[in-house]
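S.K.: Based on what follows, work out the 3D shape:
(chains A and B)
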Amino acid sequence: AQSVTQLGSHVSVSEGALVLLRCNYSSSVPPYLFWYVQYPNQGLQLLLKYTSAATLVKGINGFEAEFKKSETSFHLTKPSAHMSDAAEYFCAVTHSGGYQKVTFGIGTKLQVIP
Amino acid sequence: DVKVTQSSRYLVKRTGEKVFLECVQDMDHENMFWYRQDPGLGLRLIYFSYDVKMKEKGDIPEGYSVSREKKERFSLILESASTNQTSMYLCASKDAGRDTGELFFGEGSRLTVL
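M.R.: Numbers count the residues shown, from 1 in each chain, chains lettered A, B, ... in the order given. The predicted model follows:
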């Protein structure tokens, strides 16, 4: 069984401030972890992924996330928020194997205040 | 680039109507998925298919069925639409041969059932 918990369904930050979106996972086997971003009226697109290589993962648009096994966490960060970062962000978990389903969190809406 | 196309972006149907949501992908992916997205609930898996004519129930299959007659096409069917099926429906595909679990999404179909 696998699950994802995203703390905070809405997060507001000022432009230029640190972005921190929290994700904790539960998995009975070593996980693969993902962050997806969804802009208004669009589908989801991949931001970054962890698949058991380096624990600090860099993605697009300056985002990064760190896999911490001891804390079962995969928090998403960006040093300086930009107005264009306003979107909804989803954390997801799966595991090794080509036919595994992917489980998503409830999403976090990021608001960037000018 | 992988392209996942959902035939209808917006649909309005009446209670009891039969509804077909079509999804086509152009990258020869084995796996295809249907999720529904609701505020505060994130993405929930309805059905997935790991090959032609194969299907597996996801977490919320009740009231839905699927069809996968060709590898590139995965259809979601609401036999008798109800108001609680008003939602955003997202189709996704995944390459089963690549063990990284990344999903590629369509832009979504927003269904309103009156």
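S.K.: just for chain A, where's the confidence low?
M.R.: Applying pLDDT under 70 to chain A flags residues A:97-99.
S.K.: Oops, could you answer that again for chain B instead?
M.R.: B:1-2, B:98-101.
S.K.: Around chain A, pick out the residues from it.
M.R.: B:4, B:30-31, B:33, B:35, B:40-45, B:48, B:50, B:56, B:58, B:90, B:92, B:94-103, B:105-108 (C-beta under 8 Å from any C-beta of the partner chain). The way it works is simple: take the backbone N, C-alpha and C, and place the C-beta from them, glycine included.
S.K.: List the contacts of the residue nearest the centre of chain B.
M.R.: With distances taken as C-alpha atoms, centre = their mean, B:W34 lies nearest the centre of chain B, 2.7 Å away. Counting by C-beta atoms under 8 Å, 6 or more residues apart in numbering or on different chains, B:W34 touches B:21, B:23, B:45-48, B:58, B:64, B:66, B:74, B:76, B:89-91.
S.K.: name the element it belongs to?
M.R.: B:W34 is located in strand B:31-38, with elements delineated by DSSP states H and E.
S.K.: List the buried residues in that strand.
M.R.: B:31-37 (16 or more other C-beta atoms under 10 Å in any protein chain shown).
S.K.: so what strands line up beside it?
M.R.: strand B:42-49 (antiparallel), strand B:87-94 (antiparallel) (DSSP bridges).
S.K.: May I have the beta-bridge partners of the most centrally placed residue in chain A?
M.R.: In chain A, the centroid-proximal residue (C-alpha atoms, centre = their mean) is A:W35; its distance is 3.3 Å. For A:W35, the beta-bridge partners are A:L48, A:C91 (DSSP bridges).
S.K.: can I assume it is in contact with A:I60?
M.R.: No. At 10.1 Å, A:W35 does not count as touching A:I60 under the criterion of C-beta atoms under 8 Å.
S.K.: hang on, the earlier thing: from the buried residues of strand B:31-38, pick the one nearest chain A.
M.R.: B:N31 (6.6 Å; C-beta to the nearest C-beta).
S.K.: Would you mind confirming that that closest one makes contact with B:E102?
M.R.: No. Contact between B:N31 and B:E102 fails when scored by C-beta under 8 Å: they sit 10.8 Å apart.
S.K.: list residues touching both of these two?
M.R.: B:94-95.
S.K.: which residues are in contact with stretch B:51-65?
M.R.: Contacts for stretch B:51-65 (C-beta under 8 Å, 6+ apart): A:101, B:30, B:33-36, B:44-50, B:66, B:68-71, B:76-80, B:82, B:85.
S.K.: Just the buried ones among those, please.
M.R.: So, by 16+ other C-beta under 10 Å, the buried ones in these are A:101, B:30, B:33-36, B:44-50, B:66, B:68, B:71, B:76, B:78, B:85.
S.K.: could you pull out the strands for the chain?
M.R.: Just so you know, I chose chain A. Assigned by DSSP state E, chain A shows strands spanning A:2-7, A:10-14, A:19-27, A:31-38, A:44-50, A:56-58, A:64-68, A:73-78, A:87-95, A:103-104, A:108-113.
S.K.: actually chain B
M.R.: Going by DSSP E, chain B shows strands at B:4-6, B:10-13, B:19-25, B:31-38, B:42-49, B:56-57, B:65-70, B:73-78, B:87-94, B:104-105, B:109-113.
S.K.: Perfect, I'm done here.
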